[in-house]
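Visitor: The amino acid sequence is not available; the structure is as follows:
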DNA sequence: TTCTACCTTGAATGATCATTCTACGATTAG
DNA sequence: CTAATCGTAGAATGATCATTCAAGGTAGAA
């Protein structure tokens, strides 16, 4: 089929590098020059492969949800105790290196894309966020059925609190150098009403 | 003293306009051309009055904390019931227009200034955030003394949860068009252990 | 080997960026 | 009124931006 040489770079590796950069600095503050340097490819290759900056950014967000987010939240459905799984996610966030914490890419995007500004981007991120909220809701409903949780709180409301606390803690971790806040959030959530254990 | 004419614009009004713009789009995505248009002054006046873009941004953040944030969180110390005051703040956030919600400017800044990237900005925002956390902590300590809150949870941990949930809900409100999440967060927080009423 | 196709490199492009400069207009003291 | 002074407006500047173009190189097919 192909006559000439194949690409000399790995698309996944390039995406990963682009993700880390956008994750650190956001869309507007990331230049093509930096992207080329970190992704290790020239301008032409970048444009031939990914289209343009915005399309690359959209692919990066997909890459993020398919790798980072999915890996983190899959445990909600698979683990024995959904309540412990949910609290483990907060713990994981809290344990990441404070001081050079990148937070959550979805949060970074939300901070720069208002719905009225960039409708397409906002809708996409909102959908990804709803996946998280739904996964948490399902987990808490399962926890209620298992009797892990007393029926004082609505499962969806709890999921919403977790989602907001998760995003907030991630965001704040970008500027704090100690992990005190995330740890406190984690402890407070673990003591929610009905969570009898621990 | 002055021989020539005085300034033809109100500095506070100009700051307010700049704040709204940075609040919507963040630092990097906001251009001087837009700032001039929205603030209603020419390039020279802008630079003579505020220095440069970054200095203007720093002044905008101060303006934000002195007006928006302060007005919102002062009720924690003045109102009779600190617990109700804290929950009212969440309610206030939830009630804002969904769909064109700007969130919290501090959150927008955190999303684009990692500690390792822009140390000065990160430290300043972190300090402002700690003011909020401390105000909430004091409120919850007072609530414990007043017996509004059962001593199952540490006051500071509760404050941390509120701070994170507040930032997270604000952030998510930028992309969601309905206020369901903020309302859910508000309900869940109101049902925290020890909060007997409602 | 030789040709062909594709990838890479790096310079060119035009737009837009933040910032500064120049000229004009308005105000007030004398 | 006149002159001095300060604010304003908008053009000029050089840097940097995203994007495209032109040229060379390399791998595989014949």
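Guide: That came in fine, so what should we check first? What you are looking at is a predicted structure, and each value in this text was computed from that prediction instead of being measured.
Visitor: mind checking which helix or strand residue A:63 is in?
Guide: In the assignment (DSSP states H and E), residue A:63 maps to helix A:53-64.
Visitor: ok, that helix near DNA strand D or not?
Guide: Yes. Contact of helix A:53-64 with DNA strand D (Cβ under 7 Å from any atom of the strand) involves A:53, A:54. In short, each C-beta sits where N, CA and C put it, glycine included.
Visitor: So which bits of that helix are buried?
Guide: Neighbour counts over helix A:53-64 (16 or more other Cβ atoms under 10 Å in any protein chain shown) mark A:53, A:56, A:57, A:59, A:60, A:61, A:63, A:64 as buried.
Visitor: close to chain B, is stretch A:37-56?
Guide: No. Judged by Cβ under 8 Å from any Cβ of the partner chain, stretch A:37-56 stays clear of chain B, getting no closer than 12.8 Å.
Visitor: circling back to that earlier point, ok, is the helix or strand following the helix holding residue A:63 in contact with chain B or not?
Guide: Per DSSP H and E, helix A:53-64 leads on to helix A:70-73 as the next helix or strand towards the C-terminus. No. Applying Cβ under 8 Å from any Cβ, one finds helix A:70-73 separated from chain B by no less than 15.7 Å.
Visitor: list the buried ones in the helix or strand bottoming out on mean pLDDT in chain A?
Guide: In chain A, the helix or strand scored least confidently by mean pLDDT, DSSP states H and E is helix A:82-95, which has a mean of 89. Neighbour counts over helix A:82-95 (16+ other Cβ under 10 Å) mark A:82, A:83, A:84, A:85, A:86, A:87, A:88, A:89, A:90, A:91, A:93, A:94 as buried.
Visitor: Isn't the fifth one up against residue A:162?
Guide: Looking back up the chat, that one is residue A:86. Yes. The pair residue A:86 / residue A:162 is scored as a contact, 6.1 Å apart, by Cβ atoms under 8 Å.
Visitor: about what we covered before: any idea which of the buried residues of helix A:53-64 is closest to DNA strand C?
Guide: residue A:53 (12.1 Å; Cβ to the nearest atom of the strand).
Visitor: Please state the offset of stretch A:156-166 from the chain centre?
Guide: Averaged C-alpha coordinates place stretch A:156-166 at 14 Å from its chain's average position (Cα atoms, centre = their mean, to the nearest Å).
Visitor: Same check on stretch A:19-26?
Guide: A distance of 12 Å separates the centroid of the chain from that of stretch A:19-26, by Cα atoms, centre = their mean.
Visitor: ok so, going back, anything in contact with each of residue A:86 and residue A:162?
Guide: Each of A:136, A:189 lies in contact with both residue A:86 and residue A:162 under the rule Cβ atoms under 8 Å, 6 or more residues apart in numbering or on different chains.
Visitor: quick one, what contacts residue A:59?
Guide: So residue A:59 contacts A:15, A:50 (Cβ under 8 Å, 6+ apart).
Visitor: Residue A:159: neighbour count?
Guide: Residues lying near residue A:159 (other Cβ atoms under 10 Å in any protein chain shown) number 25.
Visitor: Also residue A:13?
Guide: For residue A:13, using other Cβ under 10 Å, the count is 11.
Visitor: Could you report the separation of the closest residue to residue A:38 other than its chain neighbours from residue A:39?
Guide: Once flanking residues are discounted, residue A:38 sits nearest to residue A:17: 4.7 Å by Cβ to Cβ, 6 or more residues apart in numbering or on different chains. As judged by Cβ to Cβ, to the nearest Å, residue A:17 and residue A:39 stand 5 Å apart.
Visitor: same thing with residue A:94?
Guide: Using Cβ to Cβ, residue A:94 is found at 31 Å from residue A:39.
Visitor: Is it correct that the residue nearest to residue A:38 is in contact with residue A:40?
Guide: Yes. Between residue A:17 and residue A:40 there is a contact under Cβ under 8 Å: 7.1 Å.
Visitor: okay, the two: which has more neighbours?
Guide: Legend: neighbour count by other Cβ under 10 Å for residue A:17 and residue A:40, higher for residue A:17 (18 against 13).
Visitor: Give me the phi and psi for that one.
Guide: With angles defined as degrees, to the nearest 10, residue A:17 sits at phi -60, psi -40.
Visitor: Can you pull out the low-pLDDT segments for chain A?
Guide: Judged by pLDDT under 70, chain A has its weakly predicted residues at A:1-8, A:97-99, A:193-198.
Visitor: for it, longest helix please?
Guide: Ranked by residue count and defined by DSSP state H, the top helix of chain A is helix A:119-146.
Visitor: Now look at that one and say if it contacts chain B.
Guide: Yes. Helix A:119-146 lies within reach of chain B by Cβ under 8 Å from any Cβ, at A:122, A:123, A:125, A:126, A:129, A:133.
Visitor: want to throw those into JSON lines with neighbour count and distance to residue B:103?
Guide: Shown next, in JSON lines, are the residues of helix A:119-146 next to chain B (neighbours: other Cβ atoms under 10 Å in any protein chain shown; distance: Cβ to Cβ, whole Å):
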{"residue": "A:122", "neighbour count": "21", "distance to residue B:103": "12"}
{"residue": "A:123", "neighbour count": "14", "distance to residue B:103": "17"}
{"residue": "A:125", "neighbour count": "25", "distance to residue B:103": "13"}
{"residue": "A:126", "neighbour count": "19", "distance to residue B:103": "14"}
{"residue": "A:129", "neighbour count": "25", "distance to residue B:103": "14"}
{"residue": "A:133", "neighbour count": "20", "distance to residue B:103": "17"}
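Visitor: from those, which is closest to residue B:30?
Guide: Distance to residue B:30, by Cβ to Cβ, is smallest for residue A:122 among the residues of helix A:119-146 next to chain B, at 17.9 Å.
Visitor: What distance do you get for the closest one to DNA strand C?
Guide: Going from residue A:122 to DNA strand C by Cβ to the nearest atom of the strand, to the nearest Å gives 20 Å.
Visitor: And for residue A:145?
Guide: Separation of residue A:145 from DNA strand C (Cβ to the nearest atom of the strand) stands at 53 Å.
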